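Take this sequence and fold it.
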Amino acid sequence: MAWQCIVEGKELADVRADRRSSQGIEKYSVSAQAVYFEGQYLPLALITKLRVQPSVYRPQACCGRGVPVFKIRLDYGAEKPLILMVEREKNAEKMAAAICAGNPAVVVEEYVDPHSGEKPERPASGVL
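Have a look, this model is predicted:
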């Protein structure tokens with residue numbers, strides 16, 4: 001598979017070797033140099049901010065209850081950030097840690113509830 005960088009002119013020198021060294025986390029892969037998703041990649045060096053937040057995925061935009069997920073928002077200087085979705089909080093934390101290990105300059109933002117302005121509390125069950 002030919003991996004394409006989402007930022008033109010910022011391609012990695014040896015994508016194939018870097019991809020082989022990556023660690024799979026759900027449907028994504030993170031290496032020491034990039035995040036891989038859907039045939040594309042984002043070099044870690046370009047990521048400026050990272051935020052993990054709880055959310056809900058509603059397949060086919062249907063009403064009712066959705067599937068609880070965690071969104072990983074990666075700001076990299078483009079107009080719109082890259083948003084990756086994982087099902088388990090442990091995997092979201094694992095991906096955030098791998099990105100921070102590859103680029104220590106990443107600013108990790110704390111998620112706050114847009115309505116209350118406070119960090120959401122974790123229920124006893126551990127699921128947000």
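
And the longest helix seen in the chain, what's buried?
When the chain is parsed with DSSP state H, its longest helix is helix 89-102. Going by neighbour count (16 or more other CB atoms under 10 Å), the buried part of helix 89-102 is Glu89, Ala92, Lys94, Met95, Ala96, Ala98, Ile99, Cys100, Gly102. Bear in mind the C-beta positions are built from the backbone N, C-alpha and C, glycine included.

Just give me the closest of the residues you listed to Ala2.
Checking the buried residues of helix 89-102 against Ala2 with CB to CB, the nearest one is Gly102 at 22.2 Å.

mind listing what the closest one touches?
With contact taken as CB atoms under 8 Å, 6 or more residues apart in numbering, Gly102 is in contact with Val30, Ser31, Ala32, Gln33, Leu44.

rewinding a little: I'd like the average pLDDT over the longest helix of the chain.
Taken as a whole, helix 89-102 has an average pLDDT of 93.

Could you tell me which residues within the next helix-or-strand element following it count as buried?
Elements were assigned by DSSP states H and E; along the chain past helix 89-102, the next helix or strand is strand 107-109. The neighbour-count check on strand 107-109 (16+ other CB under 10 Å) flags nothing as buried.

Done for today, thanks.
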